[in-house]
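> Sequence first, then the predicted structure:
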Amino acid sequence: GDSVTQTEGQVALSEEDFLTIHCNYSASGYPALFWYVQYPGEGPQFLFRASRDKEKGSSRGFEATYNKEATSFHLQKASVQESDSAVYYCALTGQVVGQLTFGSGTRLQVYA
Amino acid sequence: EAAVTQSPRNKVTVTGGNVTLSCRQTNSHNYMYWYRQDTGHGLRLIHYSYGAGNLQIGDVPDGYKATRTTQEDFFLLLELASPSQTSLYFCASSPKGWGGGAETLYFGSGTRLTVL
């Protein structure tokens, strides 16, 4: 079945550092790819998506580019802030209408 | 912004107990979902529905029932709760399903369930 792999379970950075969180996927067909963010005590929130190869999604300074050949959708931000501390989830649409498959999440901690 | 309200926020029960988690969305979304969130597993889909009276099975349905009574209300039922069902449960809704057009999920704030 479809799957999403996030290799970093936790990332610790200082403010103004460059962020990369890796996301690779395995899926038949042509899935849409998503990033969600979850702040403490809240549910996940949609960050952005990309639906086709080489499309870049972006929001709040975060961005990721759909790479079909590498089956990747890595999240990046040029200069992180303490307020970016959260758990980030990569996700994809499944073969079945209505299903979204999430990765295991990456906890980002940014220190002032 | 879509509003999804879950209740209760916290619930403690014993093994074999009967638990109902409630979810209400007030934006007339067609699709509603129940996920569980566990460390190392991320978010896993339990059940979902595309309208009142409809129920679809997700990836981890064993031990759970669900019922969509109205467009707004979606319930998750644990009739014989077990410690393995201790988890953080999220309800979500979306305007429609996907399979061409990718839609956004709107999540509630979660219900933390502990089964002793």
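Received, thanks.
> all strands in the chain, in order from the N-terminus.
You didn't say which chain, so I picked chain A. Counting by DSSP state E, chain A has strands at residues A:3-6, A:10-14, A:19-21, A:23-26, A:33-38, A:45-50, A:56-59, A:62-65, A:75-77, A:86-93, A:100-102, A:106-111.
> should've been chain B
Assigned strands in chain B, in chain order: B:4-7, B:10-13, B:19-25, B:31-38, B:42-49, B:56-57, B:65-68, B:73-78, B:87-94, B:106-107, B:111-115 (criterion: DSSP E).
> Which residues in the last one does the neighbour count mark as buried?
Neighbour-count burial for strand B:111-115 flags B:111, B:113, B:115 (criterion: 16 or more other Cβ atoms under 10 Å in any protein chain shown). All C-beta atoms are positioned from the backbone trio N, CA, C, and that covers glycine.
> would CSV of these with distance to chain A and pLDDT be doable?
CSV is the format used below for these (distance: Cβ to the nearest Cβ, whole Å; pLDDT from 0 to 100):
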residue, distance to chain A, pLDDT
B:111, 11, 97
B:113, 15, 98
B:115, 21, 97
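> Tell me what residue A:34 is bridged to.
Legend: beta-bridge partners of residue A:34 under DSSP bridges are residue A:49, residue A:91.
> What about the residue in chain B that chain A sits nearest to, how many residues nearby?
Nearest residue of chain B to chain A: residue B:107, at 3.0 Å (Cβ to the nearest Cβ). The criterion is other Cβ atoms under 10 Å in any protein chain shown. On that basis, residue B:107 has 23 neighbouring residues.
> Quick check, pLDDT for the closest residue to it other than its chain neighbours.
The shortest distance from residue B:107 to any residue other than its chain neighbours is 3.0 Å, reached at residue A:43 (Cβ to Cβ, 6 or more residues apart in numbering or on different chains). You'll see residue A:43 listed with a pLDDT of 94.
> mind listing what residue 17 touches?
The chain I'm using is chain A. When contacts are counted by Cβ atoms under 8 Å, 6 or more residues apart in numbering or on different chains, residue A:17 is found next to A:79-80, A:110.
> wrong one, I was asking about chain B
Neighbour list for residue B:17: B:78, B:80-81, B:115 [criterion: Cβ under 8 Å, 6+ apart].
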